[in-house]
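**Student:** A structural model of the following input is requested.
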Amino acid sequence: MAFDRKKPGKDRPDIWSSGGQRPPFDLRALGRASLYLSREAAAPIHAWAARTARRTAINVKNGAGRIPAEKLGRAARYVPSHLRVAAWIKNLALTLAHASATADPDVRRGNALVTEIEPHLWDLTTSQPLDETPTPDPVAQVQTQPVVLQEPVAEASDPLASIRGDLGGTPGAKAGPTARATGAPADPPARPGPAAVAAMQVGGSLIGWASMILGLPYGLARALWLYASGRDLRGIGAED
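**Tutor:** So this is what the prediction gives:
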């Protein structure tokens with residue numbers, strides 16, 4: 001009679017031989033899974049905030065929430081234009097996009113978000129049409145009678161015009177802050193320089209890492225919950 005010399009439990013599944021249904025506990029796997037789950041939670045929040053900020057910048061650029069200079073009065077010279085405010089909001093959106101790319105475990109998805117938010121609000125997407133002036137017909141120029149214009153006559157200067165303008169608000173009055181503010185439209189801000197772009201990248205990275213550290217308690221709680229449910233933590237974030 002042949003005796004089976006195999007060790008007991010050698011061909012049995014691990015769940016039978018270990019006597020439990022939970023996978024083995026690994027402290028390093030727990031820490032890695034906690035960080036990974038924290039990154040998964042922080043990246044979508046930054047991405048949503050970046051897209052929302054860019055949409056807000058476009059609306060402000062188009063005039064949403066703009067305060068007329070007549071209502072500002074003398075304070076109009078100290079209030080930034082709506083175009084500059086739109087540029088500031090767009091720079092904030094790019095900073096949040098870099099924060100999301102730092103926290104996102106998927107590198108391609110993070111880079112795609114930065115590419116989506118990065119374009120300048122005033123980039124020209126279509127070429128401007130050329131000013132096509134029709135060539136005059138020489139025959140028509142010969143047949144057309146010349147127009148004789150009268151010599152301009154200088155008006156007599158009135159030394160009291162400025163005084164009457166100050167008293168009655170006539171066109172002779174001096175231009176105040178409101179007149180300067182409502183004159184020529186403000187020019188759109190230029191694209192941020194290399195130093196500003198680098199500052200937004202560094203600031204976004206710091207925000208991304210800070211959000212991951214602050215989200216570690218959430219990641220740890222979720223990792224422990226998954227472990228209690230029978231999930232092997234060694235497979236979470238192993239390829240990150």
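**Student:** Find the least confident helix or strand in this structure, judged by mean pLDDT.
**Tutor:** Taking mean pLDDT, DSSP states H and E as the measure, the helices and strands of the chain show their lowest mean at helix 177-181, namely a mean of 39.
**Student:** name the helices or strands packed onto the helix or strand following that one?
**Tutor:** Stepping forward along the backbone from helix 177-181, the first helix or strand reached (DSSP states H and E) is helix 194-214. The contact analysis (3 or more CB pairs under 8 Å, 6 or more residues apart in numbering; DSSP states H and E) places helix 194-214 against helix 27-61, helix 82-103. Every C-beta, even on glycine, is put in place using the N, C-alpha and C of the backbone.
**Student:** any idea which of the ones you listed is most buried?
**Tutor:** Here the criterion is mean neighbour count by mean count of other CB atoms under 10 Å, and of the helices and strands packed on helix 194-214 the winner is helix 82-103, at a mean of 23.
**Student:** Now render the helices and strands packed on helix 194-214 as JSON lines, adding distance to residue 67 and mean pLDDT.
**Tutor:** Converted to JSON lines, those look like this (distance: least, CB to CB, whole Å; pLDDT from 0 to 100):
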{"stretch": "helix 27-61", "distance to residue 67": "12", "mean pLDDT": "92"}
{"stretch": "helix 82-103", "distance to residue 67": "8", "mean pLDDT": "92"}
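**Student:** Specify the stretch among those helices that is closest to residue 226.
**Tutor:** For the helices and strands packed on helix 194-214, proximity to residue 226 was assessed by CB to CB; helix 27-61 is nearest, at 7.4 Å.
**Student:** okay, the angle between that closest one and helix 82-103?
**Tutor:** If you take axes from the mean of the first three to the mean of the last three CA atoms, to 10 degrees, helix 27-61 sits at 170 degrees to helix 82-103.
**Student:** just checking, what packs against helix 27-61?
**Tutor:** helix 82-103, helix 107-117, helix 194-214, helix 216-228.
**Student:** need the next SSE after that helix, C-terminal direction.
**Tutor:** Beyond helix 27-61 on the C-terminal side, the first helix or strand identified by DSSP H and E is helix 69-72.
**Student:** Which of the helices and strands packed on helix 27-61 sits closest to residue 26?
**Tutor:** Closest to residue 26 of the helices and strands packed on helix 27-61, according to CB to CB: helix 216-228, at 9.6 Å.
**Student:** Okay, angle between that closest one and helix 194-214 too, please.
**Tutor:** Relative orientation of helix 216-228 versus helix 194-214 (the same axes, to 10 degrees): 50 degrees.
**Student:** Could you list the residues in contact with helix 216-228?
**Tutor:** 22-23, 25, 30, 33-39, 41, 233, 236 (CB atoms under 8 Å, 6 or more residues apart in numbering).
**Student:** Kindly indicate which of those lies nearest residue 52.
**Tutor:** Nearest to residue 52 among the contacts of helix 216-228 is residue 41, at 17.8 Å by CB to CB.
**Student:** so where is the protein shaky, pLDDT-wise?
**Tutor:** By pLDDT under 70, the weakly predicted segments of the chain are 1-22, 124-186, 240.
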